[in-house]
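Visitor: dropping the sequence and predicted coords here.
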Amino acid sequence: MRYHFSGVGGAGMSPLARLLASRGYAVQGSDRAFDAGHKQAERDELVAAGVEVLPHDGQAITAAVDCCVHSAAVEADTPELRRARDLAVPCLARSQLLHQVVAEGRPGVAVAGTSGKSSVVGMLAWICRCLEHPATILGGAPLALGDTHHMGCFVAGGSQDPVIAEACESDGSLVGYRPAIGLIHNISRDHDELDGLRAQFAAFAVGCARLLVNAACPVARAVGADHPAVSCYGGPEGLEIRTLGPQRAQGRLVLADGRPVDLDLPQPGRHQVDNAAAALAVAAALGLDPVAAAAALSSYPGIARRFQCLGHSPDGIRVIDDYAHNADKIQAAVAAARLAGGRLLTVFQPHGYGPARFLRAELKALWPRILGPEDRLCYAPIYDAGGTVRRDISAADLAADLPGLATCVADHQTLLDWVASTVRPGDTVLIMGARDPALGHLARRVWVAVGNEGED
């Protein structure tokens, strides 16, 4: 079979394309970011994995293509999808293919939740790597290593190995999973109101043969309460916090069988301890030794753009790059950054016009509550992924909601200038936002500009 991946440069699409290529299928793909000359490293990585990269203009769809897999970011009226319909080429949403891959795992594991999915999957990837346990790993962010992939967390296991995948609620696709092991880490307002999310996660729970639920999240716990094969992890009775930072987070987790396991993580913050509890719950469900798994996490390198510290300067300035894009994630990142003391220079880039409208009132209430009088907030321009979305809101509108607290800039260069002119010794620069592939590059430019080009 020949597969075509429309939007192959996406963090969720690339691992699937590389997985099918590793299993001997003919795989091709296209992405408008590649056509625009962006994401060259990501393009090169796909080519090296055996994926043929073609222009995103419709011409790649021919009668030789057996299946067209499309990203949720690719609109139905693009030339590729129109041509696929004209040629009667079967089409699958990315999520539908992922459903199939997870269902075929031995066992299949789906990690769900509105926050922390990528980190939990990244921790599991590290545990499997350290314990030499073969598995296919499909996550949204790569491990922060020198040999890391640029797109997603990907390990190609064999056809008889477990499949551990990040299951996202953003496109409503949770309802299609049928994993042997499902995990609900948390449920909070993101992409949809809580009522809609509850219904989607409830359908996901029904499809899981075995369900793991975070006891610390009341909404998740309520969703899983009636599942016949549910077990909880973490929570106030099962997780003791010893320290949250500023450099490492430490605690003690009580397993479902009553055994205590010590946690010592190289990343700060309560949310990282919660993520580790979830990863160990999955590891135990896979039959791995939880004590050995916890020991592996003591050297966990983190994943790209999830509270990734790019460096500390000689005068105490540090730059943190984070994927936070909703209220809960922003609050968790700010809380972790504050553990080091000093002033925060907070940069936030909304990840689309629809999300900016959805979050506007929540952000207006959030920032004054979590920022101190000396902290600074700057909105970067809303990320525009193209397509036919309404562009009827701007970063200037969001900044105007918070007079005296927030400012905004016109582009990334102006943002770099703002940070350089505002930062002072001892500050933490926290850069947050999702989807935009340029944000990670911007964060590194900020570090070079304010960090005296020093090493972490």
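Guide: Looks like it arrived, so ask away.
Visitor: and residue 4, helix, strand or coil?
Guide: Secondary structure assignment for residue 4 (DSSP: H, G, I helix; E, B strand; the rest coil): strand.
Visitor: that one against residue 61, yeah?
Guide: Yes - using C-beta atoms under 8 Å, residue 4 is in contact with residue 61, at 6.3 Å. Every residue, glycine included, has its C-beta placed from N, CA and C.
Visitor: now do the shared contacts for these two.
Guide: 68, 80, 84, 89 (C-beta atoms under 8 Å, 6 or more residues apart in numbering).
Visitor: so how many other residues sit close to residue 312?
Guide: For residue 312, the neighbour count with other C-beta atoms under 10 Å is 17.
Visitor: how far away is it from residue 232?
Guide: Noted for residue 312: a distance of 38 Å to residue 232, by C-beta to C-beta, to the nearest Å.
Visitor: so which of the shared contacts of residue 4 and residue 61 wins on neighbours?
Guide: Busiest of the shared contacts of residue 4 and residue 61 [other C-beta under 10 Å] is residue 80, holding 26 neighbours.
Visitor: for the helix or strand containing that one, buried residues please.
Guide: Secondary structure assignment for residue 80, by DSSP states H and E: helix 79-86. Along helix 79-86, these residues count as buried under the neighbour rule (16 or more other C-beta atoms under 10 Å): 79-81, 83-84.
Visitor: low-confidence regions, the stretch 301-450 of the chain specifically.
Guide: Low-confidence segments of the stretch 301-450 of the chain, defined by pLDDT under 70, are absent.
Visitor: mind listing the strands for it?
Guide: With DSSP state E, counting those that start in this stretch, the ranges of strands along the stretch 301-450 of the chain come out as 308-312, 318-322, 344-349, 376-379, 406-408, 428-433.
Visitor: could you identify which of those is most buried?
Guide: Comparing these by mean neighbour count (mean count of other C-beta atoms under 10 Å), strand 428-433 comes out on top with a mean of 26.
Visitor: just checking: what are the partner strands of that one?
Guide: strand 318-322 (parallel), strand 344-349 (parallel) (DSSP bridges).
Visitor: make a markdown table out of these and add distance to residue 189.
Guide: Shown next, in a markdown table, are the strands paired with strand 428-433 (distance: least, C-beta to C-beta, whole Å):
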| stretch | distance to residue 189 |
| --- | --- |
| strand 318-322 | 19 |
| strand 344-349 | 17 |
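Visitor: among the ones you listed, which comes closest to residue 373?
Guide: Ranking the strands paired with strand 428-433 by proximity to residue 373 (C-beta to C-beta) places strand 344-349 first, at 11.3 Å.
Visitor: contacts for the closest one?
Guide: So strand 344-349 is contacted by 324, 330, 334, 337-338, 363, 371-372, 375-383, 395, 415, 419, 422-423, 427-433, 436, 439 (C-beta under 8 Å, 6+ apart).
Visitor: ok, now with 7 Å
Guide: 334, 337-338, 371, 375-380, 383, 415, 419, 422-423, 427-433, 436, 439 (C-beta atoms under 7 Å, 6 or more residues apart in numbering).
Visitor: and stretch 368-376, by the same measure?
Guide: 331, 334, 343-346, 377, 405, 422.
Visitor: a markdown table for those residues, including distance to residue 102?
Guide: Listed next are the contacts of stretch 368-376 as a markdown table, based on distance: C-beta to C-beta, whole Å:
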| residue | distance to residue 102 |
| --- | --- |
| 331 | 30 |
| 334 | 33 |
| 343 | 44 |
| 344 | 39 |
| 345 | 40 |
| 346 | 36 |
| 377 | 39 |
| 405 | 43 |
| 422 | 45 |
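Visitor: which residues touch the residue nearest in space to the middle of the chain?
Guide: What sits nearest the mean C-alpha location of the chain, by C-alpha atoms, centre = their mean, is residue 118, with 4.3 Å. Listed by C-beta under 7 Å, 6+ apart, the contact set of residue 118 reads 139-141, 166, 303, 306.
Visitor: closest to residue 211 out of the residues you listed?
Guide: The shortest approach to residue 211 among the contacts of residue 118 belongs to residue 166, at 16.6 Å (C-beta to C-beta).
Visitor: settle this for me: that closest one is touching residue 141, isn't it.
Guide: No - the criterion here is C-beta atoms under 7 Å, and residue 166 misses it with residue 141 at 8.9 Å.
Visitor: helices of the stretch 151-300 of the chain, start to end?
Guide: 194-207, 218-224, 235-238, 270-285, 290-297 (DSSP state H, counting those that start in this stretch).
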